[in-house]
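A.B. asks: Everything below, folded, please.
(2 chains)
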Amino acid sequence: MDLQYMISILPEFLRVIPITMLVVVVSAVFGFLLSVPVAGIRIRKVPVLNLITDLYISFTRSIPILLQLFLFFFGIPVLLQLLGFDVTNISAMTAAIVCLIIYNGAYMSEVIRPAYLAIEKGQHEAAESLGYTRFQKLTKIIIPQMTPIALPGLGNAIIHLIHDSSLVFAIGVVDIMGLATIISSGSFGMQQVEVFLTVAFIYWGISFASEQIIRYLERRKKRVLNRTGYEMKEEAEYNV
Amino acid sequence: MFDIVTVFESLIEIVKVVPKTLFLALVILILSFILGAMLTYIQSLNIPVVKQIIAVLQSFLRGTPNVVLLYLVYYSLPLVVTSFLSLFGVGFDPASLNSAAVVIVTFSICYSVFQSEIIRGALHSLDKDQIEAAQSLGYSTSQTLRKVIIPQVMTEALPDTMNAFLIIIKALSLAFLVTVVDIFAQARLVGAQTFSYLEAFVAAALVYWVICGALTYVVNKLENRMRRGYV
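C.D. replies: Residues are numbered from 1 along each chain as shown, chains lettered A, B, ... in the order given. Model prediction:
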């Protein structure tokens, strides 16, 4: 074990953390935006769209994220060509982000849906009887109560996303893992254990920080659930 | 461009490795279950220092992505095994370590943490009164375990365990990094032979989809059956 070496390669890793962060943040934000209509469709059970979203969620759930990455990397150009665009290949970064957005959208929709369903019918009825419009009901009654319930799940989704983003190196994005494979192949098989231990510590640090935030949110969720007397009918159970 | 016939051809090649993948996943599931049970037991003993060490280990295993752990074990396991065996004076060639062993070790350790949580949750769900009732009926310890505790804990733990099985099958797709051939790795090989990656990956996706669908269906059936008579 060579601690000195581990510390000496740390700055190089710190330089690529923004790339990982970019992938994670973009996929988290757009994934969330995607998850809202998906959850809406599944809650309202819109006839045909419901079937499509069911398929979509079972797709992202059944297929390893690694395979999804490759499918998108090779599939998007073909799809675009079929639609008449003249694209022969796309950058690995684009494919990775599109894939993670789609994956994360499904995940987050499975967090939002139970949170919405946890709100009692009585709340909807009370809002309607007070003459709230649909939009008012949503923004003033439902979403404020949904937020504390959904936040821990969304936090978990982001931790999973951080972990899954470590796979984008497989299609050629140079993120933390990508750099690690480059360094380890450049060190002539001497210090690979040190390299990957450093990477492990970086990811551990990121996850640990995120976990503390989630713990805090969990406590708040418990408080809200206690105060309002709700019960979660189904917790999000969605795994990598 | 996309060619349906190639998808079918790849599908036939990929299906050949499905039994191997399922077997590997099963071995990992069983090993991680045993490790997880041990972990749960050790934690329940509440030994001061050991407890903290396990907590840190758990946090580490949960906080690092599987790929990183896989590489870590891939590069460190030969060294560890060699130095361990040399303590007993046994010579060992690090290069002769099977990469399938690396995959099994990594994922067993990785998922033992999740398994231990599943087991703990299942044990928690068991009512204390059940054990007392069994004792008052004169059941021996092994009878209580066999006829009261295990059937109920099994029912409770089964869905999560099967879920873990699916997760392991999917996580095995990482095994291609250390040259173990599972469904995904086979798809890559087939794609490389014919230069038709997309078709091979679509075929692999179909295989995964079918496996997951079938297993979920079986678990639901099984769960309904096991719950009968207990609710």
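A.B. asks: And the helix or strand hosting A:Glu110, what's buried?
C.D. replies: Assigned by DSSP states H and E, A:Glu110 belongs to helix A:92-118. Neighbour-count burial for helix A:92-118 flags A:92-93, A:95-118 (criterion: 16 or more other CB atoms under 10 Å in any protein chain shown). No exception for glycine: its C-beta is placed from N, CA and C like everyone else's.
A.B. asks: Show the subsequent helix or strand relative to it.
C.D. replies: Toward the C-terminus, helix A:92-118 is succeeded by helix A:121-129 as the next helix or strand (DSSP H and E).
A.B. asks: the helices in chain B, which residues?
C.D. replies: B:4-15, B:18-45, B:48-63, B:66-87, B:99-125, B:128-136, B:141-143, B:150-171, B:183-194, B:197-227 (DSSP state H).
A.B. asks: Centre of the chain to the second one, how far?
C.D. replies: Meaning helix B:18-45. 6 Å (CA atoms, centre = their mean, to the nearest Å).
A.B. asks: again, but for the shortest one
C.D. replies: Centroid displacement of helix B:141-143 relative to its chain, using CA atoms, centre = their mean, is 29 Å.
A.B. asks: Which residues does it contact?
C.D. replies: Outside of helix B:141-143, the residues within contact range by CB atoms under 8 Å, 6 or more residues apart in numbering or on different chains are B:Ala134.
A.B. asks: And the fourth one, by the same measure?
C.D. replies: By CB under 8 Å, 6+ apart, the surrounding residues in contact with helix B:66-87 are A:163, A:166-167, A:169, A:177, A:180-181, A:184, A:192-193, A:196-197, A:199-200, A:203, B:61, B:91-92, B:94-95, B:97, B:99, B:101-103, B:105-107, B:109-110, B:171, B:174-175, B:177-178.
A.B. asks: what does chain B have sitting close to chain A?
C.D. replies: B:1-2, B:59-60, B:62-69, B:71-72, B:75-76, B:79, B:163, B:166-167, B:170-171, B:173-174, B:177, B:184, B:187-188, B:197-198, B:201-202, B:204-205, B:208-209, B:211-213 (CB under 8 Å from any CB of the partner chain).
A.B. asks: Only whichever of those are buried, select them in PyMOL.
C.D. replies: Burial among the residues of chain B next to chain A is assessed by 16+ other CB under 10 Å; the matching PyMOL selection reads:
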select buried, chain B and resi 60+62+63+64+65+66+67+68+69+71+72+75+76+163+166+167+170+171+173+174+177+184+187+188+197+198+201+202+204+205+208+209+211+212
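A.B. asks: number of nearby residues for the residue nearest to B:Ile119 when sequence neighbours are not counted?
C.D. replies: Closest residue to B:Ile119 apart from its sequence neighbours, by CB to CB, 6 or more residues apart in numbering or on different chains: B:Thr40 at 4.8 Å. Neighbourhood size, B:Thr40 [other CB atoms under 10 Å in any protein chain shown]: 19.
A.B. asks: ok, now A:Leu51?
C.D. replies: Residues near A:Leu51, counting by other CB under 10 Å, number 12.
A.B. asks: How confident was the prediction at it?
C.D. replies: Model confidence at A:Leu51, expressed as pLDDT, equals 91.
A.B. asks: From chain A, how far out is the closest residue to B:Phe92 other than its chain neighbours?
C.D. replies: Among residues not flanking B:Phe92 along the chain, B:Leu85 sits closest, at 4.6 Å (CB to CB, 6+ apart). Note on B:Leu85: its distance to chain A, by CB to the nearest CB, to the nearest Å, is 18 Å.
A.B. asks: and B:Leu85, how far is that from B:Tyr74?
C.D. replies: 18 Å (CB to CB, to the nearest Å).
A.B. asks: Which one's more surrounded, those two?
C.D. replies: Between B:Leu85 and B:Tyr74, B:Tyr74 has the larger neighbour count (other CB under 10 Å), namely 21 against 12.
A.B. asks: SS state for A:Ile90?
C.D. replies: Assigned with DSSP: H, G, I helix; E, B strand; the rest coil, A:Ile90 falls in the coil class.
A.B. asks: Mind pulling the model confidence for it?
C.D. replies: With respect to pLDDT, A:Ile90 has a value of 81.
A.B. asks: same check, this time on the one 5 residues further on
C.D. replies: Reading off the confidence values, A:Ala95 has pLDDT 90.
A.B. asks: hang on, it packs against A:Phe73?
C.D. replies: Yes: using CB atoms under 8 Å, A:Ala95 is in contact with A:Phe73, at 4.1 Å.
A.B. asks: Which neighbours do these two have in common?
C.D. replies: Contact criterion CB under 8 Å, 6+ apart; residues shared by A:Ala95 and A:Phe73: A:Ile171.
A.B. asks: in chain B, what spans have low per-residue confidence?
C.D. replies: Applying pLDDT under 70 to chain B flags the ranges B:1, B:94, B:228-231.
A.B. asks: how about the residue nearest the centre of it, what does it touch?
C.D. replies: In chain B, the C-alpha nearest the mean C-alpha coordinate belongs to B:Leu29, at 3.4 Å (CA atoms, centre = their mean). By CB under 8 Å, 6+ apart, the contact list for B:Leu29 reads B:111, B:161, B:164-165, B:168.
A.B. asks: Right, I'll leave it there.
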